[in-house]
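In: Structural data only, the sequence is not supplied:
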């Protein structure tokens, strides 16, 4: 093989057919964005901390808008606040407070009641507001305190028995009972014999609050609150003239001596009674149980739609007479019951039946003044009179019958064993006819005292009275019955 000699290419002369130099590539535009974001974040953080520093404040830390026991600590350092309260507490036990009532005064100190305060914990709690917590939470609290003061009040330990004894010493001067004017029962009307006087009573709870407020904050009304107590019966209202407000009477002329005694005994419990404004009076509570041990006799009384004999018969006439009188005097009726049948001594709806432990007459004196009840029972009438200060209007009490003539439908048969009225079983002789029933209303009519003109009227009741039971005698012998022959033995 023939070897070929290698000869390199001659070098190109500069400037002839040489490749152009390469240009440096610029970095893409997006590589600058992270740098801008970083700068913005740094700026935001810087602004946040500058704002927080502005809110929190620079320099020595101090209390913000807080107070302890009424003392503002705003602008105080923790040490300054402690010094302020050290001085206050050193003076607290010896500081004297005075309560007054008229020409009287009473002084006390915290030491008198073994009182003690613990404020260090409150100073710490007040300091923590705006100084403890995350930066954002501190800023929120500080911003809120710029609008609203945060107040702390320490709990006070105090000897309650010593406070009670102190208040009792005040009550010994301030408290006195009201004295009623004394009124005696006279023949015609009650009469004044002694003057009344006002009483007074310390507001104990308000006094206790004042003592604690003075000890805690130094603030409080040092003039004691004392309530004036007015007498139930004042001289002014009695001396002004007690008027006959109402009277009512029922017929006693047909009553037996036993029934008369029951009515008299029941009403005697009310004679001379003073009923104060706001008092509620129960007929049964005042009169009590109508028993023979208490002097009551057997007399006719209603039992449903029949007439029976029982102890205290006639008590309902007493309650009816009282009912009509107190309602005409302007009293409020709390409880009242009509009879099952109409009664002879009062118009329908003007009656009030009573029964021990089941039916009562209860009224309330809401006239604004004391009233006085007087009773008088004779063989002709049972009367109740009521005296007091004149009401706004003269009151009358009237009955309005809306339906009458309800005929009896029930009968009671009684065997006539004597044969005097009815001999045979098919004979029925009327002993007593049951009375008719009705429906009625009770109305109050108000009149002007001076002119007698009717002002208004008001319905207060609607009552249904059942017909009575008719009573018949029937015989006990069979008509046509003959004697039977005696049986024969030994046939």
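Out: Right, received. Where do you want to start? Remember, it's a predicted structure, so these values are computed and weren't measured experimentally.

In: which regions of this structure sit below the pLDDT cut-off?
Out: 1-31, 48-49, 52-59, 184-189, 237-241, 304-306, 481-491 (pLDDT under 70).

In: which non-adjacent residue is nearest residue 381?
Out: residue 249 (4.4 Å; CB to CB, 6 or more residues apart in numbering). Any C-beta I mention is one placed from the backbone N, CA and C, and that applies to glycine too.

In: Let me see the contact set for that neighbour.
Out: 321, 381, 382, 383, 384 (CB atoms under 8 Å, 6 or more residues apart in numbering).

In: ok, and the most crowded of those?
Out: residue 321 (30 neighbours; other CB atoms under 10 Å).

In: Near the nearest residue to residue 271 once chain neighbours are set aside, how many other residues are there?
Out: Counting by CB to CB, 6+ apart, residue 271 lies nearest to residue 375, which is 4.5 Å off, once chain neighbours are set aside. If you count neighbours by other CB under 10 Å, residue 375 ends up with 22.

In: So in that sheet, which strands flank the helix or strand hosting residue 375, and in what orientation?
Out: Taking DSSP states H and E as the criterion, residue 375 maps to strand 371-377. Counting by DSSP bridges, the strands paired with strand 371-377 are strand 273-275 (antiparallel), strand 381-388 (antiparallel).

In: how close does the nearest residue to residue 343 once chain neighbours are set aside get to residue 317?
Out: Once flanking residues are discounted, residue 343 sits nearest to residue 351: 5.3 Å by CB to CB, 6+ apart. Residue 351 sits 9 Å away from residue 317, going by CB to CB, to the nearest Å.

In: Now do the shared contacts for these two.
Out: Common neighbours of residue 351 and residue 317 (CB under 8 Å, 6+ apart) are residue 343.

In: element containing residue 90?
Out: Counting by DSSP H and E, residue 90 is part of helix 78-92.

In: again, but for residue 261
Out: helix 257-268.

In: What of residue 400?
Out: Going by DSSP H and E, residue 400 is part of strand 394-406.

In: after that strand, next one along is what?
Out: In N-to-C order, the element after strand 394-406 by DSSP H and E is strand 411-415.

In: on that earlier part again, go through the strand holding residue 400 and flag the buried ones.
Out: 394, 395, 397, 399 (16 or more other CB atoms under 10 Å).

In: Do I have it right that residue 366 meets residue 278?
Out: Yes - if you go by CB atoms under 8 Å, residue 366 and residue 278 touch, sitting 7.0 Å apart.

In: Can you name the residues in contact with whichever helix in the chain runs longest?
Out: Taking DSSP state H as the criterion, the chain has its longest helix at helix 33-56. Helix 33-56 has contacts (CB under 8 Å, 6+ apart) with 130, 135, 138, 139, 142, 143.

In: Just the element for the first one, please.
Out: The reference is to residue 130. Here residue 130 is assigned to no helix or strand, by DSSP H and E.

In: How about the fourth one?
Out: Per DSSP H and E: residue 139 is located in helix 135-145.

In: the inter-axis angle of that helix versus helix 33-56?
Out: 40 degrees (axes from the mean of the first three to the mean of the last three CA atoms, to 10 degrees).

In: and the next element down the chain from helix 135-145?
Out: Helix 135-145 is succeeded, C-terminally, by strand 150-152 (DSSP H and E).

In: I'd like to know which elements that following strand is packed against.
Out: strand 66-68, helix 120-128 (3 or more CB pairs under 8 Å, 6 or more residues apart in numbering; DSSP states H and E).

In: Just checking: what are the partner strands of that strand?
Out: Here strand 150-152 is paired, per DSSP bridges, with strand 66-68 (parallel).

In: Could you look over the helices and strands packed on strand 150-152 and pick the most buried one?
Out: Of all these, strand 66-68 carries the top mean neighbour count, a mean of 21, counting by mean count of other CB atoms under 10 Å.

In: Name the SS class of the residue nearest to the spatial centre of the chain, please.
Out: What sits nearest the mean C-alpha location of the chain, by CA atoms, centre = their mean, is residue 278, with 13.9 Å. Here residue 278 is coil, with the state taken from DSSP: H, G, I helix; E, B strand; the rest coil.
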